[in-house]
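1. no sequence on this one, just coordinates:
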């Protein structure tokens, strides 16, 4: 146990987390440089394409340190995007230390700070590393000072590295061994193993990634999962190399996996504790906070007959993404579908993309919204995550919407721009602290609904990409909200309704009408587009009728060509959604996301 | 026996016009070689379809068939007559360019048996002809029609193009007025189409030519239908108008889903539910005939479902869908599936119904493709 080190890497997105991990794997011979592809641990195509980590990954490395001893290093790679910060917090609980990677040009960013606080909160030993020190734009001294101010560490505690050029990799490994304490569990106590992640394998069932906190586990032992109080046989135990390596047992302090013929991944609840059936621990380890979706949106199959397929796809998808929640929803416009909860817009996009790629599902996504609390005049209270559920004005007493505390780290010259953006987004200013004279850390409170769409993009563009941003939910506050309905040819299209703040409703109504006018193609009939609050129309526009669409010529040779063209056009039409007699293209349901205000 | 159509593609032009995507070459002197090979192709299909089919129309298209001499046309007609069963008074159409027509030539074509002349006038205005890079002048356009009449043609079609860049509705109306004052009993009025691979397409892509918008195109189309109706020309297809009794029988064969047999490079045939096309390039066509007797470059079996779709498409584009006949040929299922659509279109004035026949109204013709795309 003294020669085990469990650690993770935390960083702001793009600061080089995955590249550092690649180098560590290479240096320890876990993979040969021949096998090495970049972003080694990000094994989803989508992760490599986008250069992000979506799921946590764990891997074991063997390292011979300068003291002559061989150490087992368990590295847990974590996502950097704010949507996935819950993945970070649960990984932390399986570690004793963390590498805090800071880009030597960019400096301390919002997620550096928020992830750091998570790590300190979990009692981890922090090793600060400045990465990319060999870039011409690197400002090692300045960024060092930021880190010192942030951590209260000493200058010499900060490691200098360049993952790209392989600088400082040995030092990182040495310091991991020296500074990070070995696991502190008691091998003689009853078994307590923490599930920090789980994946689904179509042959082996749910596989739990665990950290043995106390005691030790052997194959064939009967184990018990606390959360659902279910029992299984430990079929296979092992550690995580580039592949699973079966070891037959896991000792105190080890990080590894357990396969126990578990059919449903939800039985391997992340944060749950595994113990033995016989002489088990009396209580579970402290778990994690339940992951709660931040945004909700409707997912509907483009072709209504694909509803069952979509359900199957979601059921399978959920096996590997426990953050996704969904329940059936019926829309007058779109038919049967599902109301899904996501961690954020990136998560929503990724789910949609993966459903399309991995499950071949063509879906229509409706406008995402947050979850509101509605107080009705009859004294009842309800939670709604769907604009369609909002009661009429007569029944509504008041509403509350979720607020977040946001942290924005920015070069000080952009503070003015950010304040303006924050006002547009109904932000409430709290305070400013300066990380150093050139960098400010602004604290704001925002309605969650204002930041889920395009806030991050806007923040980036108003600060030339320099500001960074993180947030956490702080609770609900009363708000003057209305439901904005969209009517096409006089009929409300429920899937286009949205809940907005009254002060913005007129502006939104106008913009949504204009955007829909752009997106809805001309059809045989004129289409009137109206935005309304209750029975009051606040904005309207018209898509004029199509006046001409006919190919002038069709003789002998044109007939096959024309038929093929027609089939192609029909295919395109099938991808549109028929609501009443109006055909609506898929992207129109997310029209609001494309509005530039 | 159902009557069928014969088509000859003559791949020669004096010049390639900027908007045209039909296959043609502009090297003179290859005509006789071409005809010799064409005769071999005719012979090949004579063996296959000489007895099974009866033909009542022959159409020389191109290219510019009027570049051939009357003797060459006669030679081809003689070959066809000896190879196939052809009715005693077939409709024989020849496409022509006003710049290639002399008095003598016109008489010669007439004497060879051509009884319907299609003249590619396109416009009676100098500015338009220059833009389209036609080889004829505005004056030649008018005189060609009159000379054809004098040469004995009493069944004359002229092609006109509208929605040319910069063409105002007044200028287009002038063209129509000139047309109806000439002795023509058939007018094909086409909206300018941007075809891939044409010079015009490149000019538009390069921003050197701007096409007019579709609403304006729709205006001109409406004007055309209305004006020609007022002057006694009935619309019987998207782009075709005629005096009573002067529908082009040959084109009606295409649109009524009859068989057609075609010869020459790039020609398409449709026989017994198979559609095939010949090699496009004259050299490949030539080589193929010498090697195997025919020049098919590809063929497609039209399944009943495809046939039903094509049938509806062609019927709606031309003089209407006879639902009774359709049901007999293909069953009533497709019609039942689209019942709601048809009654909506009827209600909105895109189609009219007379007995069993569903027919597009002028407003319907303008959006024919949009309607077809909605059929399930």
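-> Now that the structure is in, tell me what you want to look at. These figures come from a predicted structure and were not determined experimentally.
2. hey, where'd the helices end up in the stretch 151-300 of chain B?
-> B:169-180, B:199-205, B:214-230, B:249-255, B:282-292 (DSSP state H, counting those that start in this stretch).
3. other SSEs contacting the last one?
-> In this case it means helix B:282-292. Counting contacts by 3 or more CB pairs under 8 Å, 6 or more residues apart in numbering or on different chains; DSSP states H and E, helix B:282-292 packs against helix B:31-49, strand B:296-301. Backbone N, C-alpha and C define where each C-beta goes, glycine included.
4. which of the helices of the stretch 151-300 of chain B sits most buried?
-> Comparing the helices of the stretch 151-300 of chain B by mean neighbour count (mean count of other CB atoms under 10 Å in any protein chain shown), helix B:249-255 comes out on top with a mean of 22.
5. what does that helix contact?
-> A:554-556, A:559, B:3-5, B:7, B:56-59, B:91, B:93, B:237, B:240, B:259-260, B:314-315, B:317-319 (CB atoms under 8 Å, 6 or more residues apart in numbering or on different chains).
6. phi, psi for residue A:445 please.
-> Dihedral pair for residue A:445: phi -120, psi 130, per degrees, to the nearest 10.
7. from chain B, how far out is the nearest residue to it once chain neighbours are set aside?
-> Leaving aside its chain neighbours, residue A:445 sits nearest to residue A:428 (4.4 Å; criterion: CB to CB, 6 or more residues apart in numbering or on different chains). For residue A:428, the distance to chain B equals 49 Å [CB to the nearest CB, to the nearest Å].
8. can you name the residues that contact residue A:428?
-> With CB under 8 Å, 6+ apart, residue A:428 has these contacts: A:444-446.
9. from residue A:450, how far off is it?
-> Separation of residue A:428 from residue A:450 (CB to CB, to the nearest Å) stands at 11 Å.
10. just the ones of the contacts of helix B:249-255 in strands?
-> Those of those mapping onto strands are B:3-5, B:7, B:56-59, B:91, B:93, B:237, B:240, B:260, per DSSP state E.
11. tell me how many other residues crowd residue 165.
-> You didn't say which chain, so I picked chain A. 13 (other CB atoms under 10 Å in any protein chain shown).
12. ah, I was thinking of chain B
-> If you count neighbours by other CB under 10 Å, residue B:165 ends up with 14.
13. in contact with it, which residues?
-> By CB under 8 Å, 6+ apart, the contact list for residue B:165 reads B:131, B:209-212.
14. if you rank those by neighbours, which is first?
-> Neighbour max across these (other CB under 10 Å) = residue B:131, 22 neighbours.
15. hang on, it in a helix?
-> Yes: according to DSSP: H, G, I helix; E, B strand; the rest coil, residue B:131 belongs to a helix.
16. residue contacts, the residue nearest to it when sequence neighbours are not counted?
-> Nearest residue to residue B:131, sequence neighbours excluded (CB to CB, 6+ apart): residue B:164, at 6.2 Å. Listed by CB under 8 Å, 6+ apart, the contact set of residue B:164 reads B:123, B:128, B:131-132, B:192.
17. and which of those residues is nearest chain A?
-> Among the contacts of residue B:164, residue B:192 lies closest to chain A (CB to the nearest CB), at 8.2 Å.
18. since we're on the closest one, how many residues are nearby?
-> 21.
19. that one and residue B:159 touch, don't they?
-> No: at 11.9 Å, residue B:192 does not count as touching residue B:159 under the criterion of CB atoms under 8 Å.
20. okay, residue B:354 and chain A: tell me how far apart.
-> Here residue B:354 is placed at a distance of 22 Å from chain A (CB to the nearest CB).
21. quick one: which helix or strand includes residue A:486?
-> Assigned by DSSP states H and E, residue A:486 belongs to strand A:481-488.
22. JSON lines please, covering the contacts of residue B:165 and showing pLDDT and distance to residue B:353.
-> Listed next are those as JSON lines, based on pLDDT from 0 to 100; distance: CB to CB, whole Å:
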{"residue": "B:131", "pLDDT": "94", "distance to residue B:353": "42"}
{"residue": "B:209", "pLDDT": "92", "distance to residue B:353": "42"}
{"residue": "B:210", "pLDDT": "91", "distance to residue B:353": "41"}
{"residue": "B:211", "pLDDT": "91", "distance to residue B:353": "35"}
{"residue": "B:212", "pLDDT": "89", "distance to residue B:353": "34"}
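23. using TSV, lay out the contacts of residue A:428 together with pLDDT and distance to residue A:355.
-> As requested, those are exported to TSV (pLDDT from 0 to 100; distance: CB to CB, whole Å):
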residue	pLDDT	distance to residue A:355
A:444	96	34
A:445	96	34
A:446	96	30
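24. in those residues, which residue is surrounded by the most others?
-> Within these, most neighbours by other CB under 10 Å means residue A:444, with 23 neighbours.
25. secondary structure element for it, which one?
-> Residue A:444 belongs to strand A:439-447, assigned by DSSP H and E.
26. biggest strand in chain A by residues?
-> Ranked by residue count, the top strand of chain A under DSSP E comes out as strand A:396-411.
27. tilt between the very next helix or strand once past it and strand A:439-447?
-> Later in the chain than strand A:396-411, the nearest helix or strand by DSSP H and E is helix A:415-424. Counting by axes from the mean of the first three to the mean of the last three CA atoms, to 10 degrees, helix A:415-424 lies at 0 degrees to strand A:439-447.
28. list the buried ones in the helix or strand just after helix A:415-424?
-> Following helix A:415-424 in sequence order, the next helix or strand is strand A:428-436 (DSSP H and E). By neighbour count with 16 or more other CB atoms under 10 Å in any protein chain shown, strand A:428-436 contains the buried residues A:435-436.
29. ok, stretch A:508-515 next?
-> Residues of stretch A:508-515 classed as buried by neighbour count (16+ other CB under 10 Å): A:508-513, A:515.
30. then stretch A:580-594?
-> A:581-586, A:588-592.
31. which residues touch the closest residue to chain A within the stretch 51-200 of chain B?
-> As assessed by CB to the nearest CB, chain A sits closest to residue B:190 within the stretch 51-200 of chain B, at 4.3 Å. With contacts defined as CB under 8 Å, 6+ apart, the neighbours of residue B:190 are A:552-553, B:159-162, B:239.
32. return a ChimeraX selection command for the buried portion of these.
-> Buried residues among these (16+ other CB under 10 Å), as a ChimeraX selection:
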select /A:552 /B:159,160,161,162,239
